[in-house]
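In: kindly return the folded structure for what I paste below:
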Amino acid sequence: MIHQTMTPIRRFAQAAALAATALTLTLVSAPAPVAAQSPFSAAARVNDSIVTWYEVDQRALFMEIVRTPGDLREQALEALVDERLQVQEARRMGVVATPEEIEAGVAEFAARADLGPEQFLRNIGEEGVEPETFRDFVANGISWRNVVQGRFGARVRAGLSEADVDEALNFSPRLDGAQILLAEIVVPVTPENQETLRADLARLMGDLNFDPDTFSEAARRFSAAPTRDEGGLTGWRPLNAVPAPLREDMVLLRTGETYGPVSLGPAVAIFQMRGLSEGGFQGPTVTSVDYATIPLPAVSTEEGAAAAAALRADIDVCDDLYGRRPGAFERHDQALGAIPRDIAMALSTLDAGEMSFELSRNSGATTLAVMLCARNVEEPEAGREAVRQQLFSQRLQGYAEGLLEELRADAIISYE
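Out: Numbers count the residues shown, from 1 in each chain. Next up, the predicted model:
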């Protein structure tokens, strides 16, 4: 289900920057919503719909039950505003959740807590959350999922290739035991700053890059997250809790490097890398390497340089060699330990389809071009289809976020 609430996982992301105090205060000091006189009065108007304070209080209570961090009433209000826009688009497209979809969604959510739907509804009811509040939450998410899949599903599936899956298998790290330490600054999105917040935070990032002390000072003064009292430090967290697209970036950060801004639904966060404890963290297990070697005249000669340039121009993937260089190359598929050391070192710096011209043979008279065809890795237990589905969901989420931004930009939204 695609939804815009801030969860503990989504709080992980990237790092930030400090500019003029006046600018930063403008970004974070907008007042939180205050309770209206009547719970059924409007908290916000979204085009021709309203969000009531009763709905805000109910959603905030539900978010508390599922342990969502941060200012829950403010997050609840922004989530409900987003959902109004999402459901309005679903109505326009004729894909609003059906009663059968809603009941299935309720059962699926309850099953995550090892409960049946009636028991789950009874339990949250004892905490003060009405069944219709939860059903609305589920229905809104399903309606938005229908919108996004209807508009972008076919496009994402058509653009997802076997090469994309191979690349994900090659570069998705194994995360057993790995932990990450981040510092964060979380800034709520308000009507006053929503147009410029991301750009302002992006500019601020440069000032905080590789400056942990200044980052922590900025977090204490301006962050809206509970971690502000700790200088923005999140504490050590499992790396496998970080969403895959962010995780791939995080493991490449140097200590003190900033990353962001990252959208967290009703807020935007910037992060700073403070430490990575690798533990059992390792790359995927490579079972063998598929590569080609092509002998050329020494590239230090005019003839060899021309041959190397022609090879680069003619060959994009290893299979091209069969049609364009028949008999003039050797292709191997070997375990790492069986590959000659100098060739293995050359291959270690290459991505699939890239070539190295650093090796020589015959006392330097021959350059041995080395081309990486593929690294064959152990597939995850769930297999390629699980990786494909993960990539599909990640790309679909990107389209969903972009569409929501468009709907917000075109909408008339006012806060009471």
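In: for the lengthiest helix in the chain, what is the average pLDDT?
Out: Ranked by residue count and defined by DSSP state H, the top helix of the chain is helix 384-410. For helix 384-410, the mean pLDDT works out to 86.
In: same for that helix, what does it pack against?
Out: In terms of contacts (3 or more CB pairs under 8 Å, 6 or more residues apart in numbering; DSSP states H and E), helix 384-410 is packed against helix 72-93, helix 131-148, helix 154-159, helix 162-171, helix 244-250. Bear in mind the C-beta positions are built from the backbone N, C-alpha and C, glycine included.
In: what are the ranges of the helices in the stretch 201-350 of the chain?
Out: For the stretch 201-350 of the chain, the helices identified by DSSP state H, counting those that start in this stretch occupy 212-222, 244-250, 302-314, 320-324, 341-348, in order along the chain.
In: need those helices in a markdown table (columns: mean pLDDT).
Out: Compiled in a markdown table, the helices of the stretch 201-350 of the chain are given as follows (pLDDT from 0 to 100):
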| stretch | mean pLDDT |
| --- | --- |
| helix 212-222 | 91 |
| helix 244-250 | 71 |
| helix 302-314 | 94 |
| helix 320-324 | 93 |
| helix 341-348 | 81 |
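In: ok, which of those helices comes nearest Ala111?
Out: Relative to Ala111, the nearest member of those by CB to CB is helix 244-250, separated by 23.5 Å.
In: could you point out which element follows the helix or strand of the chain with the lowest mean pLDDT?
Out: In the chain, the helix or strand scored least confidently by mean pLDDT, DSSP states H and E is helix 21-28, which has a mean of 29. Remark: after helix 21-28, the chain's next helix or strand is strand 42-46, criterion DSSP states H and E.
In: partners of that following strand in the sheet?
Out: Using DSSP bridges, the neighbouring strands of strand 42-46 in the sheet come out as strand 49-52 (antiparallel), strand 413-415 (antiparallel).
In: go through the ones you listed and name the closest to Ala292.
Out: When the strands paired with strand 42-46 are ranked by distance to Ala292, counting by CB to CB, first place goes to strand 413-415 at 57.8 Å.
In: so for that closest one, mean pLDDT?
Out: Within the predicted structure, the mean pLDDT of strand 413-415 is 93.
In: need the contact list for the nearest residue to Arg254 once chain neighbours are set aside.
Out: Leaving aside its sequence neighbours, Arg254 sits nearest to Met273 (CB to CB, 6 or more residues apart in numbering; 6.7 Å). By CB atoms under 8 Å, 6 or more residues apart in numbering, Met273 lies in contact with Ala15, Ile180, Leu181, Leu182, Met250, Leu253, Arg254, Thr255, Gly256, Glu257, Thr258, Tyr259.
In: by neighbours, which of the residues you listed wins?
Out: Neighbour counts for the contacts of Met273 were taken using other CB atoms under 10 Å; the highest belongs to Ala15, which has 29 neighbours.
In: that's all I had, so thanks and see you.
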